[in-house]
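In: I'll drop the sequence and a predicted model, then ask my questions.
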Amino acid sequence: MPNLVHLSAGARRALLLAPALIFLAVFFVMPLADNSARSFLAEDGGFTLSRYADFLTDRFYLGVIAETVILSAVVTLISVVIAYPVAYVLVRKAGRFSGLIVFLLIAPLLTSIIMRTFGWQVLFARRGLINQWLVTDLGLLDAPLRWLNTPGLAIAALVHVLVPFAVLSIASVLQGVDRRLEEGAQMLGASKLRTFFEVTLPLTTDGIGTGAILVFMIANGSFVTLVLLGGGFQTLPLLIYQQFNTTRDFALASTMSTILLVIALACLWLQLRLLRRQGV
Amino acid sequence: MRLNRRTFLGTGAAATGLVGLSGLPLRAQGSTINVTAYGGVWEQAIRDCFVAPFEAKTGATATVSLGGPAQWLAQVEASPENPPLDVLIMSPDLAVLAAEGDLMDEFTVEKLPNLANIPQEFTDACLGKGTYFDYGVGGITYNKQIVSEPPRSFADFVERVASGEFIASVPSISYGPTTVFFLWALNNALGGDVDNTDPFFEAMAKMKDNLVFWAGPNDFFNHLASGEADLGIYFDGRTWNHVDEGVDWIDFINPEEGGAMTAVAIQKPKNASDLAWDYLNEVLDAGNQAKFAEILNYGVTNTQVEYSEKLASRVTPLSEANLPPYAEIARVRNDWVDRWNREIGM
Amino acid sequence: MRFSDIALWAFTIAFFVFMILPIAVVVVISFTSAGYAAFPIPGWSLKWFARIFEYRPFIDSLWVSLQLGVVATVASCVLGVPAALYLSRARSGWATAITTFLLSPLSMPMIVIGFASLFFLSALGFGVSFLSLAIVHTVICLPYVIRTVTAVYRAVPPAYEEAAQILGASRLTTFREVTLPLIRPGIAAGSLFSFLTSFDNLPVSYFFGSAQTTTLPVVMLAYMEHQFDPSIAALSTLQLLLAIVALVVADRLYGIEKMTVAT
């Protein structure tokens, strides 16, 4: 009998999962499955894999896939590295300024993306504020630098939008870290730095993981910033957007979304596996 | 193909027990129609020039949905039997696709008396299932403070940008109409045709170090205002709108070869309310169109319209613009886009 | 120790200069007296704020967006928190797979989710309506709540809850008195992400706009199709003001430590 009780407790716990699972199965999987059907339908109504074959054997498209993943990874890495110290200050040092910090973090997210991009253009245009400052006011440069449409500025703009997700994810976990563990390590003679690397950092792995996952996933699917700021990147979301906007080739869009989803899921699963292995 | 996906959707709906909910948000039928508009001044002009006379004459109500053509067409495609919209504002290329997809009703003089005053070629350009009601022309817009001797033709534009005399802001491929008012127009001016776009891509290769790309019309204005570019490819009506807003350093030239006519089409989805015909007839009315043109600085299509003096000097006459062969372009457009992606980048 | 503190603060301040600079430009432009958006501004004026209130669709759609953000966030918490509680304690490979699945909406370009959902929900008869918007927004907001709550709850030792139950607390009491306070930072962060994601969303809302329910980003896009006046900048400034008010209210109600630090 105990076995049975145990089982029903497990089943009861699984019920916790049911609403979210069913909701996404109906309102996320079904629409996408329906949509991806477009990619498998041949002109004559039959089943075909030719779109996938064409796509995955074209060097140009393979380059696009690689660029998508690399760009997301670079943005994720930069965001997490920048975010950690800020999250640390927010939780441990800011005190009564913490409200201000949270506000400053979410302010960019509350500004329409089009205006935010406009802000970047004003700052970094050929005759914009930054160039004016560098050339005329400080005399550091002879000629204005070209910033807009460079990969660097596009990456900076992506980090700008996504880094708040990393900061807040890390902060929410750092918040829960038991300070006594750190104090204990120091009492046992560990330096501040060593305490940080051997106690605090491992305890916040989950926060870093969450931040990295959110940033990576969102970067992987985002296109608006790249459309508006250029940078010469050619990514899958940009190509997908183009199918909706210009060519209306929904079958190709659906092919690319399926490929993008598979890549994203593979990366996500890998990240989660790594996190679990770390254990907490 | 439709059938398979429809079946799938039906099965899915049944499986999840949601079929009972079908038909929940039934659209108000009868004396209300849903029309479409871009926002801001445009919406206000639609309400004043077309909605008001329609409501006065029929006693019916027209609600206005704000957004863009791609969204509206998708909404009609998603429920062709019960379209949520009765009148669509379309870009010319989407109008062709919608007509080819058999989603739109035929325009005839019996249903729309004012159609008699609209040049037949505009209705033909929508394959008979819609027509154009206003238009602009894509040409060269420049910053007068920087550019004293602007290029007068597309060919001159290409030469002088290639030589590094100017930085030009041109539309990127992420902007829907680019394939027509930039790619087709420039290619045409340089001697190419629908089946040979080499002249365009060769010109782009020559200019590539001195180009920036705009993703949306506002982007272009920002490029000029912030000094990122000196001139570029843009629309006449939008340029005049900036002048009216108080921008005194901007001007427009219709290139000698003739810019591409970029029109706004109107269509009526199949199964939409018949009241839509009354509304559409108001949209094609000469008096209403003249009022609309005055507000938006764009040319209109009813041949009976007489522009005010100010507007007459601004509107590019139809004879000096080229009507792009949208149906032919639709056939090859995706190849153009693919070539652009590979040679120029997104 | 002093030095490391100074370095940390210097880094943080540099970071916020980077974050705020483009926004500051927008805020300044919203006070321009010119008829167009350009920098530097020729003079100061409040007329673009007046324009927001003159143009009805701005206010109407702002209201729709606020309601939608709240509905999607509440729905995401109701669906997401229980799932997160389960997944944080499950150790099997299945749990990893399920988590992967639950987070997957994040990486799908939203334009695809919007387009696919439009066809699906139309076939179900939901059409273009507030209900459809709320459903699709919940799909894109749910992953945030699940992930943030999972992360926080995994750091909570099970011993706390076990102790409460040993002391005779019921399951419900344990949840209310022990678990909920412990996971509140996760819920707060997830809700914040969720609300902001919904509020700023264009690619999904775009497909579901109608004359009755249109969200603010869609109206802004439709507005800018033919106009680029500084009222869009003024709207952004107004949104920032609303955020300040919301944070101050939250502070008064819950105290800064519980609410803001926790997020």
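Out: Now that the structure is in, tell me what you want to look at.
In: Low-confidence ranges, chain C, go.
Out: C:1, C:250-263 (pLDDT under 70).
In: if you set the cut-off to 50 instead, what comes out?
Out: C:256-263 (pLDDT under 50).
In: The residue in chain B that chain A sits nearest to: which element?
Out: Of all residues in chain B, B:Gly227 sits closest to chain A, at 2.7 Å by Cβ to the nearest Cβ. Backbone N, C-alpha and C define where each C-beta goes, glycine included. Assessed by DSSP states H and E, B:Gly227 sits outside every helix and strand.
In: Now do the contacts for it.
Out: B:Gly227 makes contact with A:Ala125, A:Arg126, A:Arg127, A:Gly128, according to Cβ atoms under 8 Å, 6 or more residues apart in numbering or on different chains.
In: What separation is there between it and B:Val212?
Out: Distance of B:Gly227 to B:Val212, given as Cβ to Cβ, to the nearest Å: 11 Å.
In: Repeat that for B:Pro317.
Out: Counting by Cβ to Cβ, the gap between B:Pro317 and B:Val212 amounts to 31 Å.
In: Show me which of these two is the more surrounded one.
Out: Between B:Pro317 and B:Val212, counted using other Cβ atoms under 10 Å in any protein chain shown, the more crowded position is B:Val212 (21 against 10).
In: hang on, the earlier thing: nearest spatial neighbour of the residue of chain B closest to chain A, skipping sequence neighbours?
Out: A:Arg127 (2.7 Å; Cβ to Cβ, 6 or more residues apart in numbering or on different chains).
In: what comes into contact with stretch C:203-214?
Out: Here stretch C:203-214 has contacts from A:224, B:34, B:63-68, B:71, B:74-75, B:84, C:57, C:60-61, C:64, C:68, C:109-111, C:113-115, C:117-118, C:128-130, C:132-133, C:136-137, C:140, C:215, C:217-218, C:221, using Cβ under 8 Å, 6+ apart.
In: Report all helices and strands that the top helix by length along chain C contacts.
Out: Identified as the longest helix of chain C according to DSSP state H is helix C:56-89. Applying 3 or more Cβ pairs under 8 Å, 6 or more residues apart in numbering or on different chains; DSSP states H and E, one finds that helix C:56-89 makes contact with helix A:2-15, helix A:18-24, helix C:47-54, helix C:93-103, helix C:130-154, helix C:180-200, helix C:216-224.
In: so what does the helix or strand hosting A:Gly209 touch, helix or strand wise?
Out: Secondary structure from DSSP H and E places A:Gly209 in helix A:205-221. Secondary-structure packing of helix A:205-221 (3+ Cβ pairs under 8 Å, 6+ apart): helix A:59-88, helix A:151-174, helix A:250-278, helix C:130-154.
In: Least confident of those, on average?
Out: Out of the helices and strands packed on helix A:205-221, helix A:250-278 stands lowest, with a mean of 86 (criterion: mean pLDDT).
In: got the buried residues for it?
Out: A:250-261, A:263-265, A:267-269, A:271-272, A:275-276 (16 or more other Cβ atoms under 10 Å in any protein chain shown).
In: The stretch 151-263 of chain C against chain A: which residues are in contact?
Out: The stretch 151-263 of chain C has residues C:151-152, C:154-156, C:182, C:185-186, C:188-189, C:192-193, C:196, C:199-200, C:202-203, C:217, C:220-221, C:224, C:232-233, C:235-236, C:239-240, C:242-244, C:247, C:251, C:256-257, C:260-263 near chain A, with proximity defined as Cβ under 8 Å from any Cβ of the partner chain.
In: Tell me the buried residues within these.
Out: Going by neighbour count (16+ other Cβ under 10 Å), those have C:151-152, C:154-156, C:182, C:185-186, C:188-189, C:192-193, C:196, C:199-200, C:202-203, C:217, C:220-221, C:224, C:232-233, C:235-236, C:239-240, C:243, C:247, C:251, C:256, C:260-263 buried.
In: with the contacts of B:Gly227 in mind, which one is nearest to A:Ile101?
Out: Among those, A:Gly128 lies closest to A:Ile101 (Cβ to Cβ), at 28.0 Å.
In: who in the stretch 101-250 of chain B is up against chain A?
Out: So far as Cβ under 8 Å from any Cβ goes, the stretch 101-250 of chain B lies against chain A at B:167, B:172-176, B:178-179, B:212-213, B:215-216, B:218-219, B:222-223, B:226-229.
In: Where helices are concerned, which of those count?
Out: B:Thr178, B:Asn218, B:Asp219, B:Asn222, B:His223.
In: The residues you listed: which ones sit near chain C?
Out: Of these, the ones that also sit near chain C (Cβ under 8 Å from any Cβ) are B:Asn218, B:Asn222.
In: Count the neighbours of residue 115 for me.
Out: No chain in the question, so chain A it is. With other Cβ under 10 Å as criterion, A:Met115 counts 26.
In: Chain C is the one I meant
Out: So C:Phe115, with other Cβ under 10 Å, has 29 neighbours.
In: Make sure it is indeed in a helix.
Out: Yes: checked against DSSP: H, G, I helix; E, B strand; the rest coil, C:Phe115 lies within a helix.
In: That one touches A:Asn35, doesn't it?
Out: Yes: assessed by Cβ atoms under 8 Å, C:Phe115 is found in contact with A:Asn35 at 7.0 Å.
In: anything in contact with each of those two?
Out: A:Phe250.
In: which non-adjacent residue is nearest the most centrally placed residue in chain C?
Out: Nearest to the mean C-alpha position of chain C, by Cα atoms, centre = their mean, lies C:Leu196 at 2.0 Å. Spatial nearest neighbour of C:Leu196, chain neighbours left out: A:Leu109 (4.7 Å); criterion: Cβ to Cβ, 6+ apart.
In: how would you label that neighbour: helix, strand or coil?
Out: helix.
In: That one against A:Leu162, yeah?
Out: No: the pair A:Leu109 / A:Leu162 is not scored as a contact, 9.7 Å apart, by Cβ under 8 Å.
In: Of those two, which one has the most company?
Out: When neighbours are counted by other Cβ under 10 Å, A:Leu109 and A:Leu162 differ, and A:Leu162 comes out ahead with 27 against 22.
In: can you pull out the helices in the stretch 201-346 of chain B?
Out: Counting by DSSP state H, counting those that start in this stretch, the stretch 201-346 of chain B has helices at residues B:217-225, B:236-245, B:275-283, B:286-296, B:309-314, B:326-343.
In: tell me the most buried of these?
Out: Among the helices of the stretch 201-346 of chain B, ranked by average contacts under mean count of other Cβ atoms under 10 Å in any protein chain shown, first place goes to helix B:217-225 (a mean of 24).
In: So which other helices or strands are in contact with that helix?
Out: Against helix B:217-225 (3+ Cβ pairs under 8 Å, 6+ apart) you get helix A:113-124, strand B:131-143, strand B:168-171, strand B:211-214, strand B:231-235, helix B:236-245.
In: how about residue 78, what does it touch?
Out: Picking chain A for this. A:Ile155, A:Val159.
In: please go with chain C instead
Out: A:Pro19 are the contacts of C:Val78 under Cβ under 8 Å, 6+ apart.
In: What spatial separation is found between it and C:Met19?
Out: 32 Å.
In: Get me the contact residues on the stretch 51-200 of chain A for chain B.
Out: A:Phe60, A:Ile114, A:Phe118, A:Gln121, A:Val122, A:Ala125, A:Arg126, A:Arg127, A:Gly128, A:Leu148, A:Asn149.
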